[in-house]
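A.B. asks: no sequence on hand, only this structure:
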């Protein structure tokens, strides 16, 4: 046995063919392993046990308090104060459970079993196919090692290098980074994620084969991987098969199913998806050539279904749907819980799935629009559309039309963008901003003309008919023709009408207009005028006629009660005209601008009686109060007079009935 001692310098020591002792003493020494069972004691400094010259591979073990190197001949070296072991040019095995050690496999297919932190591995490029096995829950591969296998328990984070790596996770929820190179990721059990967050640029990833040689994802393949995370840049991820979670991370990220082996079933944003992919942090999704299903729970997303009959479930605002034109684009359907949604071009169908009031907009296709249980407003756009209102009070609006049109809930004439439209469980129509013709049916309808000179007919039922909009927000002057038909109707002229012709027809109707003519028809009607230049005709029934004046310097208004016990209410200090030609004996005139009887003057001019304020100082024809036309020519058919203080006076059935007022 030879004993070889070094010096205080950096020595290179070698033994004999027998069992030797090499003592490096001070400084950084090289201790060359040889035949025999040797003791290699490095002493002070950073010392290396070197087995480059061995004819076969060695097995190195570093443990607490002991380090050994075994050769293929069964000889075992003991290492003391050695910080580095350099293996042979053959297949070596290194097992390490302590830190502060450097292992150099050199050539050959080397195996490193590392169960402690602080271990440095040194390999040569093209130095064989080397594997790192570890029980540590996080490790980064040193350069030129090709394979990483996790042997521990729990969740694992494993980082590859610039070589072509195979990275194998364990039974936990693992995160794997491949770095550059064509890497193969094996997730094992658990929920495993491959991440490209270490990339310095956007990546292009395919789950089947990665062909883009310009990014670190080139050549990467996946086995047992449940999720992929993109880089911090603009990524493109191609999906072909199976189910996976894709997290685009930062940047404008795209997931494409254009070349998928099956149709796409995708949840975008929050939520889970047992039948397909879940996408997070993704800004654009491209569908397959088949019938795809997209559930979108995030804003700022563009979804392009492409060919096939695609389904979009949209639960967030700021979503853009892109579809192909023509037959190849399929028949597509949007389901939404949003309170308002506009169909993108080339999407055919829209269904509301929420519970609130809904506003749904079609497009230029032939659309089917289905609303929910609320009070909904549906706009079909061009095309022969089908509207299904469901429960609630539902209105089809043509406010988006660029021309006047005809629309009918009673299978009547239709034109413009309403041509060929079909209404199911629709209670109302809203016209365009132009001249429209609207018709109701036997149900209780809401009919709104909007702007323009409109003709509206309610039909049977208790209808609400508006010359303008129910909201009263009208844009331009208009002249409408409004007819209630049978039923107890509410008819309201536009707030800025130039002339409205309104007829309640049968039923107990309520009519309000600014200017124009109102006819109550049969029934007990309430007619109210709010503007000027109007005529109220109560016709048959016990009618209430309310006269106000506004605009055009109080240009006059007129009221004619007709048959029945009518009541006239005058709320203006301007001059209005009343004539009751009915023969009933219970008509009443209420003067709300005359405080009491002492403030009332009655002036006869020709056959007319003027009831006006006693303090108006008028001479000749008064400019306030009421003109009772033809009172002295046989139209003295009002039996009661009431002043603002509530006092009621019975008028004698003679032409001198007002003699008591002077």
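C.D. replies: That came through, no problem. Model, not experiment: these values are computed from the prediction.

A.B. asks: low-confidence stretches in the stretch 151-300 of the chain?
C.D. replies: For the stretch 151-300 of the chain, the stretches flagged by pLDDT under 70 are 208-213.

A.B. asks: mind redoing it with 80?
C.D. replies: Scanning the stretch 151-300 of the chain for pLDDT under 80 picks out the ranges 207-214, 274.

A.B. asks: ok, and the closest non-adjacent residue to residue 599?
C.D. replies: Distance criterion C-beta to C-beta, 6 or more residues apart in numbering; nearest residue to residue 599, sequence neighbours excluded, is residue 614 at 5.0 Å. Placement of C-beta: from N, CA and C, glycine included.

A.B. asks: mind listing what that neighbour touches?
C.D. replies: Taking C-beta atoms under 8 Å, 6 or more residues apart in numbering, we find residue 614 in contact with 598, 599, 600, 601.

A.B. asks: and the spatially most central residue of the chain, what does it touch?
C.D. replies: When C-alpha atoms, centre = their mean is applied to the chain, the residue found nearest the centroid is residue 316 (2.2 Å). By C-beta under 8 Å, 6+ apart, the residues touching residue 316 are 269, 296, 297, 298, 299, 301, 338.

A.B. asks: check residue 85 too.
C.D. replies: By C-beta under 8 Å, 6+ apart, the contact list for residue 85 reads 48-51, 60, 62, 69, 79, 94, 101-104.

A.B. asks: from residue 444, how far out is residue 501?
C.D. replies: Applying C-beta to C-beta, to the nearest Å, the value for residue 501 to residue 444 is 23 Å.

A.B. asks: swap in residue 47?
C.D. replies: 99 Å.

A.B. asks: tell me which of these two has more neighbours.
C.D. replies: Each of residue 47 and residue 444 has its neighbours counted (other C-beta atoms under 10 Å); residue 47 has more, 29 against 18.

A.B. asks: wait, that one sits on residue 82?
C.D. replies: Yes - between residue 47 and residue 82 a contact is recorded at 5.2 Å, counting by C-beta atoms under 8 Å.

A.B. asks: okay, and the common contacts of those two?
C.D. replies: In contact with both residue 47 and residue 82: residue 31, using C-beta under 8 Å, 6+ apart.

A.B. asks: what residues are up against the residue lying closest to residue 280 once chain neighbours are set aside?
C.D. replies: Leaving aside its chain neighbours, residue 280 sits nearest to residue 247 (4.5 Å; criterion: C-beta to C-beta, 6+ apart). Counting by C-beta under 8 Å, 6+ apart, residue 247 touches 193, 227, 228, 229, 230, 279, 280, 281.

A.B. asks: please repeat the previous calculation with a cut-off of 7 Å.
C.D. replies: By C-beta atoms under 7 Å, 6 or more residues apart in numbering, residue 247 lies in contact with 227, 229, 230, 280, 281.

A.B. asks: who does it bridge with?
C.D. replies: residue 229, residue 280 (DSSP bridges).

A.B. asks: how far away is it from residue 55?
C.D. replies: 51 Å.

A.B. asks: about what we covered before: make a ChimeraX selection of the buried ones in the contacts of residue 85.
C.D. replies: The buried residues among the contacts of residue 85 can be selected in ChimeraX (16 or more other C-beta atoms under 10 Å) with this line:
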select :48,49,50,51,60,62,69,79,94,101,102,103,104
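
A.B. asks: one step back: from residue 411, how far out is the residue nearest to residue 280?
C.D. replies: From residue 247 to residue 411 the distance is 54 Å (C-beta to C-beta).

A.B. asks: regarding residue 590, what is its secondary structure?
C.D. replies: With DSSP: H, G, I helix; E, B strand; the rest coil as the basis, residue 590 sits in strand.

A.B. asks: show residues contacting stretch 358-378.
C.D. replies: So stretch 358-378 is contacted by 339-352, 354-357, 379-397 (C-beta under 7 Å, 6+ apart).

A.B. asks: filter those down to the buried ones.
C.D. replies: 339, 341-344, 346-352, 354, 357, 379-383, 385-390, 392-397.

A.B. asks: cool, thanks, signing off.
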